[in-house]
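>>> Just a sequence and a predicted model for now, questions to come.
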Amino acid sequence: MAGQANSRDVVRRDDGTWAVTKPGAARASVRLETQDQAIQRATEILGNDGGGELRIHGRNGQVRDQRTIAPGNDPYPPKG
């Protein structure tokens, strides 16, 4: 799963904050106080970047949830 074309991880840092990371990146995209804030921001980032996979890690570091995020700016939205 790691290394997918467009994915992000929400992980807990040693200082207790939550980070949004991109596989292979040297630094976190953003650090936030709560996991919920990090999940919301990661969803926005993926939506703006054409969609992708979001992996949410628990306090123990293991993946506890995985979500597919749709593109946020679909140039051809369905009619109806």
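Sure thing, it's come through. Numbers count the residues shown, from 1 in each chain.
>>> Residue 5: what's it in contact with?
Contact analysis of residue 5 by CB atoms under 8 Å, 6 or more residues apart in numbering lists residue 52. C-betas here are computed from N, CA, C, even on glycine.
>>> Can you classify it as helix, strand or coil?
coil (DSSP: H, G, I helix; E, B strand; the rest coil).
>>> ok, it to residue 54 distance?
With distances taken as CB to CB, to the nearest Å, residue 5 is found 14 Å from residue 54.
>>> same deal with residue 19?
Look at residue 19 and residue 54: by CB to CB, they are 13 Å apart.
>>> Common neighbours of these two, please.
Both residue 19 and residue 54 are contacted by residue 10, under the criterion CB under 8 Å, 6+ apart.
>>> Look up the residues that both of residue 5 and residue 54 are in contact with.
Common neighbours of residue 5 and residue 54 (criterion: CB under 8 Å, 6+ apart): none identified.
>>> Let's see the pLDDT reported for residue 75.
Looking at residue 75, its pLDDT stands at 64.
>>> from what I can see residue 65 touches residue 56, true?
Yes - taking CB atoms under 8 Å as the definition, residue 65 is a contact partner of residue 56 at 4.3 Å.
>>> Tell me which of those two has more neighbours.
More crowded of residue 65 and residue 56, by other CB atoms under 10 Å: residue 56, with 18 against 11.
>>> which residues does that one contact?
Residue 56 neighbours (CB under 8 Å, 6+ apart): 9, 10, 35, 39, 63, 64, 65, 66, 67.
>>> State the phi and psi torsions of residue 41.
Main-chain torsions, residue 41, degrees, to the nearest 10: phi -70, psi -40.
>>> Relative to residue 66, how far out is it?
Taken as CB to CB, the span from residue 41 to residue 66 is 17 Å.
>>> more neighbours, these two?
In this view residue 41 and residue 66 are compared by other CB under 10 Å, and residue 41 has more residues nearby, 18 against 12.
>>> hang on, isn't that one packed against residue 28?
No - contact criterion CB under 8 Å: residue 41 and residue 28 do not qualify, at 10.7 Å.
>>> Need the distance between the two termini of stretch 7-27.
15 Å (CA to CA, to the nearest Å).
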